[in-house]
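Engineer: fold the following, please.
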Amino acid sequence: MKRMALFFVCVSAGFAGYSDGFITAGEYEYAVRWSNSQIPLIVDGGGADEISVRDSGRLIVKSTSTPLSLSHPGSGVYDILLFNNAQLEYLNGVTQLISVRTDNAITILKGGSINEISSYQYGTTENILIYAQDDWSWIDGNPLKGIQGNWLADGSPFYIEFINRTDIGFNPVYMNVQVIPEPATLMLLGIGGILLRRKALR
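Structural biologist: Alright, predicted model coming up:
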């Protein structure tokens, strides 16, 4: 009898919806926790109420279900929490909050609709990388409010508000944001392109 019970528990755990490393179209998960550094968790068309990435876990969000909603069954990835040495690459989708909980977590944002970012960091690490076209700006000219602009990859607009936890001693979010490419990088890329064209014409 004990063997039967043990077998049932193992089989149940083996069929967890995201244990294969994917949350795809038609799948919606609750309280997802991912810490695998070898295999990333990939969201491609699915959703979750919360994804917590810990240790050296990696999360890639290629796309999510829409619209953003917690109603049953929900859609989008509502909250993403990054701890320890976690890595996030966000390419497209809809998300309410990305919360960076340590100085070592790396957040790479390249597209999609992200409503808010919070950051729990004492140091200025610039580990929130936003790939934007050079027309980006702080919301209302105030870096404490957030950032707006157009994504570098496809030119679609973004508007991300910052949730600052300065009340409990952490730096404002903007101090940990690096916008890529920076204007100097864009200028170098432009010069490189001109030189390549001249060389090709010779």
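
Engineer: low-confidence regions, the chain specifically.
Structural biologist: Across the chain, the ranges flagged by pLDDT under 70 are 1-16, 182-202.

Engineer: tell me the secondary structure for residue 148?
Structural biologist: strand (DSSP: H, G, I helix; E, B strand; the rest coil).

Engineer: give the contact list for it.
Structural biologist: Neighbouring residues of residue 148 by C-beta atoms under 8 Å, 6 or more residues apart in numbering: 136, 137, 138, 139, 157, 158, 159, 160. Any C-beta I mention is one placed from the backbone N, CA and C, and that applies to glycine too.

Engineer: which of the residues you listed sits closest to residue 32?
Structural biologist: Proximity of these to residue 32 (C-beta to C-beta) peaks at residue 160, which lies at 22.1 Å.

Engineer: tell me how far whatever helix or strand the closest one lives in is from the chain's mean position?
Structural biologist: Assigned by DSSP states H and E, residue 160 falls within strand 157-164. When distances are taken as C-alpha atoms, centre = their mean, to the nearest Å, strand 157-164 is centred 13 Å away from the chain's centroid.

Engineer: after it, heading C-terminal, what element do we hit next?
Structural biologist: Following strand 157-164 toward the C-terminus (DSSP H and E): strand 177-180.

Engineer: ok, that next one: who's next to it in the sheet?
Structural biologist: Counting by DSSP bridges, the strands paired with strand 177-180 are strand 128-131 (parallel).

Engineer: not counting the partner strand itself, show me its contacts.
Structural biologist: 100, 106-110, 117, 119, 136, 147, 151-153, 160, 173, 176-181.

Engineer: next, the buried residues of it.
Structural biologist: 128, 129, 130, 131 (16 or more other C-beta atoms under 10 Å).

Engineer: report the two of those residues separated the most.
Structural biologist: Most distant of these, by C-beta to C-beta, are 128 and 131, 11.3 Å apart.
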